[in-house]
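Undergrad: Give me a model of this one.
(chains A, B, C and D)
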Protein chains: 2
Amino acid sequence: MTTELERCGSCAIRHQAVCGALSDAELMGLNRIARTRKIPAGQTVMADREPTDFFANIVSGAVKLSKVMPDGRQQIVGLLFPPDFLGRTYGTATPYYAEAASDVELCSFPRNRFEKLLGEFPNLEHRLFENTLNELDASREWMLLLGRKTAQEKVASFLVMIASRARSIGCHSNPGLNFARFEMPLSRADTADYLGLTIETVSRQITRLKAQGVIKLESSRGIVVPDIDELTAIAHQERD
Amino acid sequence: MTTELERCGSCAIRHQAVCGALSDAELMGLNRIARTRKIPAGQTVMADREPTDFFANIVSGAVKLSKVMPDGRQQIVGLLFPPDFLGRTYGTATPYYAEAASDVELCSFPRNRFEKLLGEFPNLEHRLFENTLNELDASREWMLLLGRKTAQEKVASFLVMIASRARSIGCHSNPGLNFARFEMPLSRADTADYLGLTIETVSRQITRLKAQGVIKLESSRGIVVPDIDELTAIAHQERD
DNA sequence: CGCGGGATTGAGCCGAATCAATGCAGGTGG
DNA sequence: CCACCTGCATTGATTCGGCTCAATCCCGCG
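TA: Numbering: from 1, shown residues only, chains lettered A, B, ... in the order given. Prediction:
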């Protein structure tokens, strides 16, 4: 019993994840149905339109959600980091692919037992609801990016977003400080699919930002941003 | 009392709207705080980042949700028809503009009293949650459109979407039947802002679809689709 | 050392944007 | 009733940003 609770107690995402909403007693109920899974990079976690029998918290790594057209064109519609929640409650199939963008560690729950707990713990459902509202806000923000921003603005926006999320997933990057250094969680190909661009255009824009001195590259994935405000200005974050 | 209940009983959207989740007793509680409002076309209902003190069901008309960049570029991020719910629960400000796309009739509820009811009626919160999940799915669908579809595919997709929603808002259009006739709820300018295109491109693509015989125009807003499957094929609705 | 996958760079092209003119319907006033 | 305006939609000419195709480059790895 105590050990079980400790398992959660020592969990890196204990307080930020949906579990954060639960009392100790409730947490134990959730813990009882939880199972840790490791997924290697590139593997599909949930397939579009296919029923999935589980939900999960992301403990480490990154998961990308994407939609694919019959001819292969692809769009990434969401990116999940710890402590995000994976899975569409109420509806047996998710309307997109979920794929491990890196090696991923999940804390997963069987679908029906989790949904049962949802009914019992109003806190849990409420937390998931707020979560979903935030995802909706984020995806609408992304619609503005996809529909109206230039390639340069798109890439800058992406870097700003990663830089701010990087704080929550470790990486050198202080909240107050106007400086960031982080690893890109996606390949150029995935970045392109997230931004509605091609690989080549992403690459060119990164080169351009580098030439402008707005960012520095330590490696193809390692980015340093000396002045985040400058990058944000280029991203034309919407105001008004 | 009875009259109050009858007010809801005779409501056109009684069963589809969030109210549909409520018992008679609960409905009465909601009814007590409800107020009908009419909004003329073009008027702002909620302003980006400004606190709003109410939520509402859309009774008639259409409301567009949009984001605007400092330089005026605009993206419509959502379109609400009866019996959709308007407003972001839990968070005093909505992160976008809500504007009447046509004359609109609302059934509105004061923010704090409604949120109080949310706590008392789990059904109501649950219903709103499912609503939000559907909006999230729809907005991700739209991300694919914005990021990866051609102008022709975008316009075709938009028409398909309107044709299918048209069923729920009256208009000649049978569920089984492979034929539709409806009014565009948006001007060309708004359509462009919804699809991430310019007015001119939207116009050209509509002309093209007309030339191909896929649609007919009764007026600039009145559309006839003889064969919806054909239009859907052009829209390249994602499979797989 | 050579191989292979990801990333960069370059040349040319094309689809959608821009700029500009014209068309069209509804409303208003002479 | 017609002339005129005004707001929306269409059409045309031209430009340009990002895509396509293709050639390296880079780096880790067998």
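
Undergrad: What helices and strands are in contact with the longest helix along chain A?
TA: Scanning chain A for the longest helix, with DSSP state H as the assignment, gives helix A:122-148. Based on contacts counted as 3 or more CB pairs under 8 Å, 6 or more residues apart in numbering or on different chains; DSSP states H and E, the elements that helix A:122-148 packs against are helix A:24-33, strand A:74-80, helix A:111-120, helix A:151-168, strand B:63-68, strand B:74-80, helix B:122-148. Glycine gets a C-beta too; all of them are placed from N, C-alpha and C.

Undergrad: For the residue minimising distance to the centre of chain A, give its distance to residue B:32.
TA: Centroid check for chain A by CA atoms, centre = their mean gives residue A:80 as the closest residue, at 1.8 Å. The gap separating residue A:80 from residue B:32 is 41 Å, by CB to CB, to the nearest Å.

Undergrad: Then residue A:64?
TA: From residue A:64 to residue B:32 the distance is 46 Å (CB to CB).

Undergrad: Check residue A:18 too.
TA: Distance from residue A:18 to residue B:32, by CB to CB: 33 Å.

Undergrad: Kindly report the same for residue A:156.
TA: Taking CB to CB, one finds residue A:156 at 50 Å from residue B:32.

Undergrad: Could you list the low-pLDDT ranges of chain A?
TA: Within chain A, the stretches with pLDDT under 70 are A:1-6, A:167-176, A:238-240.

Undergrad: what residues does it put near DNA strand D?
TA: With the criterion set to CB under 7 Å from any atom of the strand, chain A comes near DNA strand D through A:150, A:151, A:152, A:196, A:197, A:198, A:200, A:201.

Undergrad: Could you identify the pair within those residues that is furthest apart?
TA: Comparing every pair within the residues of chain A next to DNA strand D by CB to CB identifies A:150 and A:200 as the most remote, at 15.4 Å.

Undergrad: domains of chain A?
TA: A:2-136, A:149-235 (automatic domain parsing).

Undergrad: ok, is the shortest one in contact with chain B or not?
TA: What that stands for is domain A:149-235. Yes - using CB under 8 Å from any CB of the partner chain, domain A:149-235 comes into contact with chain B via A:149, A:193, A:195, A:196.

Undergrad: Out of the residues you listed, which end up buried?
TA: A:149, A:193, A:195, A:196 (16 or more other CB atoms under 10 Å in any protein chain shown).

Undergrad: What is the burial count for the closest residue to residue A:122 other than its chain neighbours?
TA: Leaving aside its chain neighbours, residue A:122 sits nearest to residue B:122 (6.1 Å; criterion: CB to CB, 6 or more residues apart in numbering or on different chains). Neighbour count for residue B:122, taken as other CB atoms under 10 Å in any protein chain shown: 14.

Undergrad: Likewise for residue A:49?
TA: 14.

Undergrad: what does residue A:147 give?
TA: For residue A:147, using other CB under 10 Å, the count is 26.

Undergrad: Check the contact between it and residue B:143; I expect there is one.
TA: No - the pair residue A:147 / residue B:143 is not scored as a contact, 9.2 Å apart, by CB atoms under 8 Å.

Undergrad: on that earlier part again, more crowded one of residue A:156 and residue B:32?
TA: When residue A:156 and residue B:32 are compared for neighbours, residue A:156 comes out ahead with 27 against 12, by other CB under 10 Å.

Undergrad: can you pull the contacts of the residue nearest to residue A:227 when sequence neighbours are not counted?
TA: Excluding the flanking residues, the one nearest residue A:227 by CB to CB, 6+ apart is residue A:178, at 5.9 Å. Contact analysis of residue A:178 by CB atoms under 8 Å, 6 or more residues apart in numbering or on different chains lists A:227, A:228, A:229.

Undergrad: Which members of these are positioned in strands?
TA: Among the contacts of residue A:178, the subset assigned to strands under DSSP state E is empty.

Undergrad: Out of these, which sit inside helices?
TA: Short answer: the contacts of residue A:178 in helices (DSSP H) are A:228, A:229.

Undergrad: Who wins on neighbours among the contacts of residue A:178?
TA: Highest count within the contacts of residue A:178 by other CB under 10 Å belongs to residue A:228, 19 neighbours.

Undergrad: Just give the closest residue to that one, not the sequence neighbours.
TA: Closest residue to residue A:228 apart from its sequence neighbours, by CB to CB, 6+ apart: residue A:178 at 5.2 Å.

Undergrad: Okay, and that neighbour sits in which element?
TA: When elements are assigned from DSSP states H and E, residue A:178 belongs to no helix and no strand.

Undergrad: near DNA strand C, which residues of chain A?
TA: Near DNA strand C, when you scan chain A using CB under 7 Å from any atom of the strand, you find A:187-189, A:199-200, A:202-204, A:206-207, A:217, A:220-221.

Undergrad: Which ones among these map onto strands?
TA: residue A:217.

Undergrad: Go through the residues of chain A next to DNA strand C and say which is closest to DNA strand D.
TA: Nearest to DNA strand D among these is residue A:200, at 4.1 Å by CB to the nearest atom of the strand.

Undergrad: who's residue A:44 bridged to?
TA: residue A:99 (DSSP bridges).

Undergrad: separation between the residue nearest to residue A:45 when sequence neighbours are not counted and residue B:133?
TA: Leaving aside its chain neighbours, residue A:45 sits nearest to residue A:98 (4.2 Å; criterion: CB to CB, 6+ apart). Per CB to CB, residue A:98 is found 15 Å from residue B:133.

Undergrad: do residue A:9 as well
TA: 31 Å.

Undergrad: So between the two, which is more surrounded?
TA: Here residue A:9 and residue B:133 are set side by side on neighbour count (other CB under 10 Å), and the busier one is residue B:133, at 19 against 13.

Undergrad: looking at it, that one is touching residue A:88, isn't it?
TA: Yes - counting by CB under 8 Å, residue B:133 touches residue A:88, with 6.5 Å between them.

Undergrad: what sits in contact with each of these two?
TA: Common neighbours of residue B:133 and residue A:88 (CB under 8 Å, 6+ apart) do not exist.

Undergrad: ok now do residue A:38, which residues does it touch?
TA: Contacts of residue A:38 by CB under 8 Å, 6+ apart are A:103, A:104, A:105, A:106.

Undergrad: give me the element the last one is part of.
TA: Same thing as residue A:106. Per DSSP H and E: strand A:104-110 holds residue A:106.

Undergrad: CA atoms only for that strand, dumped as CSV, please.
TA: Extracted in CSV, the C-alpha atoms of strand A:104-110 (Å, rounded to 0.1, in the frame of the first residue of the first chain):
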residue,chain,number,x,y,z
VAL,A,104,8.7,7.9,-24.5
GLU,A,105,7.8,6.7,-21.0
LEU,A,106,4.1,6.5,-20.3
CYS,A,107,2.0,5.9,-17.2
SER,A,108,-1.0,4.1,-18.8
PHE,A,109,-4.5,3.2,-17.6
PRO,A,110,-7.0,0.8,-19.1
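
Undergrad: what about it, distance to the chain center?
TA: 15 Å (CA atoms, centre = their mean, to the nearest Å).

Undergrad: Summarise which helices and strands it is packed against.
TA: helix A:24-33, strand A:35-39, strand A:54-60.
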